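A.B. asks: sequence first, predicted coordinates after that:
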Amino acid sequence: MSHEWDAVADTYETTSEKTTGAFLPRYLDFVRPVAGQLLADVGCGPGVLTLAFTAAGARVKALDASAPMIERLRSRAVDAGVAHLVDAFVGDAAALPFDASECDAAVSNFGVIFCADIDGALRELARVTRADGALMVSAWSREAENGWTSLLGPDHADVLGFRLPPRPMYHWSSSDEFASACGRAGWVDVAVDEADGVPSTFDSADHIGDALEVPASKAVLRSLSESQHATLRAYLEHRARELFGDGEVRLPRHAWLATGRASL
């Protein structure tokens, strides 16, 4: 999926970061970064967490699958005067190039949810964190509570005439399942909170197709034909008009925030 993210590395902070960055205060409150700490930011994108942690004086090892995202992070770190605190890598969240127990905390803000081996990625976060170090991951909750998939009716496959590909960023059907996955990965004292994010807003139903152009959706829907894309877009426009009329369309964003500690 990385090449879809490659294409938006230079614009991410003015578009998607307003959505994913909304949970930054929760990370700062839980991790409480201070000078002298070494933190891991996995699936870091262009670095909203990394930049906040380094602003507090912490050092950060940041990893993402997209090389342009890493380059954008490095550029932003230079501009912020914190490049000396950032060690940025291109790599796999399920095989972190960090030593065991190397970090004081490890986090992933809507990052590892795109990893094919999500269980491996959760284990890696715990592996690289010292005993009792903070662990935190944010994930979008259910499809019915997030973005354009919240417009899908129960009979959408029949109406469309085809089934949509599975959306791999939705790994769990409940917060309990998410908590169990973290526990199996070696996390302790796991808790999962629910939180509403910044809604995805469109001027009208005519613009709802823009929701299909974000990297995660483009990656998922690339297997559809042009005709199927057009059918899906028309269906979503119709559904948006049914629900919102001719005015602004506000699609929900709902997240699960998992916190825990690395085992002793």
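C.D. replies: Happy to help now that I have it.

A.B. asks: what pairs with the longest strand that the chain contains, parallel or antiparallel?
C.D. replies: Identified as the longest strand of the chain according to DSSP state E is strand 129-140. Sheet pairing of strand 129-140 (DSSP bridges) gives strand 103-109 (parallel), strand 254-262 (antiparallel).

A.B. asks: can I get those in a markdown table including mean pLDDT, mean neighbour count and distance to P154?
C.D. replies: (C-beta placed from N, C-alpha, C; glycine too.) Converted to a markdown table, the strands paired with strand 129-140 look like this (pLDDT from 0 to 100; neighbours: other C-beta atoms under 10 Å; distance: least, C-beta to C-beta, whole Å):
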| stretch | mean pLDDT | mean neighbour count | distance to P154 |
| --- | --- | --- | --- |
| strand 103-109 | 98 | 27 | 31 |
| strand 254-262 | 98 | 21 | 19 |
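
A.B. asks: closest to S217 out of those strands?
C.D. replies: strand 254-262 (16.8 Å; C-beta to C-beta).

A.B. asks: not counting the closest one itself, show me its contacts.
C.D. replies: Contacts with strand 254-262, where a contact means C-beta atoms under 8 Å, 6 or more residues apart in numbering, come from 23, 26, 30, 101, 106, 110, 126, 129-142, 145-146, 172, 175, 178-179, 182, 186-197.

A.B. asks: of those residues, just the buried ones, PyMOL syntax please.
C.D. replies: Selection of buried members from the contacts of strand 254-262 for PyMOL, criterion 16 or more other C-beta atoms under 10 Å:
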select buried, resi 23+26+30+106+110+126+129+130+133+134+135+136+137+138+139+140+141+145+146+172+175+178+179+182+186+187+190+192+197
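
A.B. asks: if we can go back for a sec, in the following helix or strand past the longest strand of the chain, what counts as buried?
C.D. replies: Beyond strand 129-140 on the C-terminal side, the first helix or strand identified by DSSP states H and E is helix 156-160. Neighbour-count burial for helix 156-160 flags H156, L160 (criterion: 16+ other C-beta under 10 Å).

A.B. asks: helix 156-160: what's the following helix or strand?
C.D. replies: helix 175-184.

A.B. asks: now do stretch 211-219: distance to the chain's middle.
C.D. replies: Distance of stretch 211-219 from its chain centroid, counting by C-alpha atoms, centre = their mean, to the nearest Å, is 13 Å.
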